[in-house]
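J.: need coordinates for the below:
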Amino acid sequence: MASIHKELVIDARPEAVWSVLSDYGAVHTRLAPGFVTGTRLSADTRTVTFADGTIVLERLVDLDHAAMRVAYTVIGGSLHPSHHHASMQALPEPGGRTRFVWHTDVLPDALAAPIAESVEHGSAVIRRTLEAAPPAPSGAAPAPDALR
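T.: Model (predicted):
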């Protein structure tokens with residue numbers, strides 16, 4: 001099984017990053033605008049349309065406010081993995097910054113290269129977006145969890 005792991009330190013408070021990550025249906029507007037051009041939410045599944053035309057159906061696996069971690073799996077669309085599990089997490093760093101961790105396990109191994117390329121490109125967009133977002137107030141509560 002291929003594993004793709006990306007970590008980057010973002011100049012934004014963990015609470016602000018988590019507010020965006022936990023907004024499961026707003027990837028196209030709050031997390032990766034331009035890289036993702038559309039997100040449609042239906043119960044615990046989102047349909048994500050990427051700028052290159054790829055469309056994936058992603059089912060929410062876990063939305064953990066305490067750990068500031070969201071996990072999801074691809075269940076349909078243009079990609080046809082036999083297995084896909086991914087998570088994104090916001091971890092506190094010194095100075096009010098955030099370590100953004102994105103991890104994906106995928107089968108077949110042939111999907112690793114295109115997914116790794118997508119993660120690399122998406123990470124750059126995510127960094128720019130999160131660093132440009134207005135800061136969340138210190139001690140702000142996480143976004144409401146409408147899915148759980």
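J.: list the buried ones in the one helix or strand residue 74 maps to?
T.: Using DSSP states H and E, residue 74 sits within strand 69-77. For strand 69-77, the neighbour count (16 or more other C-beta atoms under 10 Å) marks 69-74 as buried. Using the backbone N, CA and C atoms, a C-beta is placed for each residue, glycine as well.
J.: sheet partners, orientation included, of that strand?
T.: strand 55-64 (antiparallel), strand 83-93 (antiparallel) (DSSP bridges).
J.: closest to residue 98 out of the buried residues of strand 69-77?
T.: Residue 98 has its nearest neighbour among the buried residues of strand 69-77 in residue 69, at 12.5 Å by C-beta to C-beta.
J.: tell me which residues touch the closest one, please.
T.: 62, 87-90 (C-beta atoms under 8 Å, 6 or more residues apart in numbering).
J.: in stretch 17-33, what's buried?
T.: Of the residues in stretch 17-33, those buried (16+ other C-beta under 10 Å) are 17-28, 30-33.
J.: how near is residue 23 to residue 42?
T.: Distance from residue 23 to residue 42, counting by C-beta to C-beta, to the nearest Å: 16 Å.
J.: same check, this time on residue 36
T.: 17 Å.
J.: and if you look at residue 122?
T.: From residue 122 to residue 42 the distance is 22 Å (C-beta to C-beta).
J.: what's across from the residue lying closest to residue 25 once chain neighbours are set aside in the sheet?
T.: Leaving aside its chain neighbours, residue 25 sits nearest to residue 41 (3.4 Å; criterion: C-beta to C-beta, 6 or more residues apart in numbering). Following DSSP bridges, residue 41 is listed with bridge partners residue 46.
J.: correct me if wrong: residue 41 contacts residue 24.
T.: Yes: using C-beta atoms under 8 Å, residue 41 is in contact with residue 24, at 6.7 Å.
J.: ok, now how distant is residue 29 from residue 129?
T.: From residue 29 to residue 129 the distance is 10 Å (C-beta to C-beta).
J.: residue 1 too?
T.: On the measure of C-beta to C-beta, residue 1 and residue 129 end up 30 Å apart.
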